[in-house]
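Peer 1: No sequence on hand, only this structure:
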Ligand code: AMP
């Protein structure tokens, strides 16, 4: 089934304690689309870029069968540019600059050919824009939404309205605590379930992720990589793998939702192995499934 992805398409300048990359292709929609493209051949992207957007990036989307009819190119403008620097503890990062450029006026318009998409992934953006997208699509089967502390702090009421309309919220641990004012992630996850979403995923960085439903809790491990090279986009990649698997299987049973969390984690574990999209863009289905099985082995144990 098809996946509609809306979010930022960006140039990222990334500094880690070990290396630096200038203006590599990034943005939430790029990571989500690329990750989902391994599961479904029908990814449709909505975003905006400037006249400086390189042909080779377009080629990369084409090579992954990502439909970019909804990628607006503002010839007179410049592409969104984000610059971040990671601490030695790479769970921590500082944003050094955010040049929104053409993204400042982003008001997603969903092309007619995208409107019947059955799976919708709303990248992290203004909750009013997220609802604007939902008003343009026809009866999706599943709506997944990402958000961040900036929107929790500046547009809390608007975010609450968006949460009432979505099926899945993917949020990190600090944001879950901030949103609910609960220190316990278990209490936080359960509280978010009362705000609208039927599924809540709390990401815990290198410590895995929790999936909450009304009557179950699943704790997924993270893949124990020896070297995390660049964590940028891990959360978006997780969302892309998660929704991609669901779009491929169209099954919302508890067991399959758990598999989706593991596929999200598999994809994220590859993204962090190299800068930007470098690792994600050249994966094979065999590699993806090998790592899926490794996740199973990692978390498996026997009763006495
Ligand atoms: P993540 O590491 O999952 O938080 O996602 C990183 C991606 O988010 C980078 O590729 C950035 O280009 C993009 N990004 C950073 N700030 C924003 C923002 N304010 N709005 C949308 N996307 C952003």
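Peer 2: Received, thanks. What you are looking at is a predicted structure, and each value in this text was computed from that prediction instead of being measured.

Peer 1: Contact partners for the residue in the stretch 51-200 of the chain that the ligand sits nearest to?
Peer 2: Nearest residue of the stretch 51-200 of the chain to the ligand, counting by C-beta to the nearest ligand atom: residue 82, 3.9 Å away. Where C-beta positions appear, they are placed from N, C-alpha and C, glycine not excepted. For residue 82, the contacting residues are 10-13, 26-27, 95, 97-99, by C-beta atoms under 8 Å, 6 or more residues apart in numbering.

Peer 1: got a markdown table for those, with neighbour count too?
Peer 2: What follows is the contacts of residue 82, written out as a markdown table (neighbours: other C-beta atoms under 10 Å):
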| residue | neighbour count |
| --- | --- |
| 10 | 28 |
| 11 | 25 |
| 12 | 24 |
| 13 | 18 |
| 26 | 27 |
| 27 | 27 |
| 95 | 10 |
| 97 | 9 |
| 98 | 15 |
| 99 | 14 |
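
Peer 1: Which two among the residues you listed are spaced furthest apart?
Peer 2: By the measure C-beta to C-beta, 27 and 97 form the most distant pair in those, at 15.0 Å.

Peer 1: So which of the contacts of residue 82 reach the ligand?
Peer 2: Checking those against the ligand by C-beta under 6 Å from any ligand atom, the ones in range are 10, 12, 26-27, 98.

Peer 1: if we can go back for a sec, per-residue confidence at the residue of the stretch 51-200 of the chain closest to the ligand, what does it come out as?
Peer 2: Model confidence at residue 82, given as pLDDT, is 95.

Peer 1: Quick one: distance of the helix or strand harbouring it to the chain centre.
Peer 2: Assigned by DSSP states H and E, residue 82 belongs to strand 80-86. Centroid displacement of strand 80-86 relative to its chain, using C-alpha atoms, centre = their mean, to the nearest Å, is 17 Å.

Peer 1: and the stretch 1-150 of the chain, which residues reach the ligand?
Peer 2: Selection of the stretch 1-150 of the chain residues close to the ligand by C-beta under 6 Å from any ligand atom yields 8, 10, 12, 26-28, 82, 98, 124-125.

Peer 1: now do 8 Å
Peer 2: Counting by C-beta under 8 Å from any ligand atom, the stretch 1-150 of the chain comes close to the ligand at 7-8, 10-12, 26-28, 30-31, 80, 82, 84, 93, 95, 98, 100, 103, 123-125, 148, 150.

Peer 1: What about these, which are in helices?
Peer 2: With DSSP state H as the criterion, helices contain 28, 30-31, 150 from among those.

Peer 1: for this structure, which helix is longest?
Peer 2: In the chain, with assignment by DSSP H, the single longest helix is helix 254-271.

Peer 1: is it anywhere near the ligand?
Peer 2: No - for a cut-off given as C-beta under 8 Å from any ligand atom, helix 254-271 has no contacts with the ligand; the smallest distance is 8.8 Å.

Peer 1: mean confidence for that helix?
Peer 2: Helix 254-271 carries an average pLDDT of 97.

Peer 1: Tell me which entries of the ones next to the ligand among the contacts of residue 82 lie within strands.
Peer 2: 10, 12, 26, 98 (DSSP state E).

Peer 1: Much appreciated, bye for now.
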